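Student: structure of the sequence below:
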Amino acid sequence: EFNHYVVLSSPTRFVRDWIVSRYADKILDIIKTFKKSIQRIEFLIETQVPQDELIISRTDLKGNITHANELFCSISGYALDELIGKPHSIVRHPDMPSHVFKELWQTIQNKEHWHGIVKNITKDGGFYWVNAFVSGVYKDGVLVEYKSLRSPISNDDKLKHQKLYDKLRQENGEKIRKII
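Tutor: Down below sits the predicted model:
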């Protein structure tokens, strides 16, 4: 009885190779499905922005990040050196209607402040919502960069804006999210 157990728990090389060759495709399919499931789950993970704290960043006039505070790095999941020099759109969530950012750029290029609710994406595919305030930074009357201050929003505002943004994306012919 003991020998029988040993034989079953440690198959010969031939049996092991036969099992691997016979089920390799199925094992690979299972692994691929698992990876896709993990990606879907990560996409649904929300990072909460702490109350009474601000996410702060600055960009050059083309929108490339020149400064990011520690909270921005922590919330977004990027190291500072991964953000500096990259377009701020690196954190743009695909749920955001393009119209919102078109309006943002038109507003700040007209030397006005822009305020709005934004859903951002994290490095790992999760997301976070912010109340964003964007404006120009001027030195001697000359626009030299943009700054963005972002704070948390309520769950009610998140739901309200998700529905609004889904509607706007659909109306504008943009892809809309599907929950599977």
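Student: all helices of this structure, in order?
Tutor: Using DSSP state H, the helices found in the chain span residues 2-9, 13-43, 70-76, 80-83, 98-109, 155-171.
Student: rank the ones you listed by pLDDT, which is bottom?
Tutor: Mean pLDDT across the helices of the chain is lowest at helix 2-9; the value there is a mean of 44.
Student: residues of stretch 100-112 that come out buried?
Tutor: 100-101, 104, 107-108 (16 or more other CB atoms under 10 Å). Placement of C-beta: from N, CA and C, glycine included.
Student: the residue nearest the centre of the chain and K86: what is the separation?
Tutor: The residue lying closest to the centre of the chain (CA atoms, centre = their mean) is I121, at 1.6 Å. I121 sits at a distance of 13 Å from K86 (criterion: CB to CB, to the nearest Å).
Student: so D60 makes contact with G85?
Tutor: No: using CB atoms under 8 Å, D60 makes no contact with G85, being 9.1 Å away.
Student: state the number of residues packed around K147.
Tutor: Other residues near K147 number 16, with proximity taken as other CB atoms under 10 Å.
Student: do V142 as well
Tutor: Other residues near V142 come to 8 when the count uses other CB under 10 Å.
Student: how close does it get to D124?
Tutor: 39 Å.
Student: I56 too?
Tutor: On the measure of CB to CB, I56 and D124 end up 22 Å apart.
Student: what sits against I90?
Tutor: Residues near I90 by CB atoms under 8 Å, 6 or more residues apart in numbering: 65, 78, 83.
Student: and if you look at D95?
Tutor: Counting by CB under 8 Å, 6+ apart, D95 has contacts 119, 127, 162, 165-166, 169, 177.
Student: drop anything exposed from those.
Tutor: 119, 127, 165, 169.
Student: out of the residues you listed, who's nearest I45?
Tutor: Distances from I45 to the buried ones among the contacts of D95, taken as CB to CB, are shortest for F127 (7.6 Å).
Student: look up the residues forming beta bridges with the spatially closest residue to K62 that is not a sequence neighbour.
Tutor: In space, and not counting its chain neighbours, K62 is closest to P87: 7.8 Å by CB to CB, 6 or more residues apart in numbering. Taking DSSP bridges as the rule, P87 bridges to N64.
Student: run through the residues that contact P87.
Tutor: 62-65 are the contacts of P87 under CB under 8 Å, 6+ apart.
Student: if you skip the residues just before and after it, what's nearest to A79?
Tutor: C73 (6.3 Å).
Student: could you do V91 as well?
Tutor: Nearest residue to V91, sequence neighbours excluded (CB to CB, 6+ apart): N120, at 4.2 Å.
Student: make sure the one you found is actually in contact with Y128.
Tutor: Yes: N120 is within contact range of Y128, at 5.5 Å (criterion: CB under 8 Å).
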